[in-house]
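Enquirer: I'll drop the sequence and a predicted model, then ask my questions.
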Amino acid sequence: MRDLEQELSKLEPVGEAVPEAGYANAKAKNKKKGDSPEMIAFKQEKRRRQKELKGRQTHERQEFVGGLGNLELDVMEELQCAGDWLETGIRGKQKR
């Protein structure tokens, strides 16, 4: 995920500098104008790539859990992280 963020930050179009004194006017003008076509394309590409990455990760987690034996599945259920982790990648709360 970090690699994707770094790569996308390199591709992000650089916006025009806004002068400090005219910040309020520039902000009002930018609201009306909206994003540039380059920025829109960048955001769309970023969303597409993030969605694709999350889909691959979900698929890999499903394959991983599918290859586990009964004992491993029992351990994951005991840790209460199998369902949430499989869907979101977020582990359950750890017991102390």
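Expert: Done, it's in.
Enquirer: May I ask you to name the longest helix in this protein?
Expert: helix 37-66 (DSSP state H).
Enquirer: For it, which helices and strands make contact with it?
Expert: Judged by 3 or more C-beta pairs under 8 Å, 6 or more residues apart in numbering; DSSP states H and E, helix 37-66 is in contact with helix 2-11, helix 82-88. C-beta coordinates here come from the backbone N, C-alpha and C atoms, glycine included.
Enquirer: List the buried residues for the next helix or strand along the chain from it?
Expert: Using DSSP states H and E, the helix or strand that follows helix 37-66 in sequence is helix 70-78. Across helix 70-78, burial judged by 16 or more other C-beta atoms under 10 Å covers Met76.
Enquirer: Mind listing what's buried along the longest helix of the chain?
Expert: Going by 16+ other C-beta under 10 Å, helix 37-66 has these buried residues: 42, 46, 61.
Enquirer: got these as TSV, with pLDDT and distance to Glu78 columns?
Expert: TSV is the format used below for the buried residues of helix 37-66 (pLDDT from 0 to 100; distance: C-beta to C-beta, whole Å):
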residue	pLDDT	distance to Glu78
Phe42	95	44
Lys46	95	38
Arg61	87	18
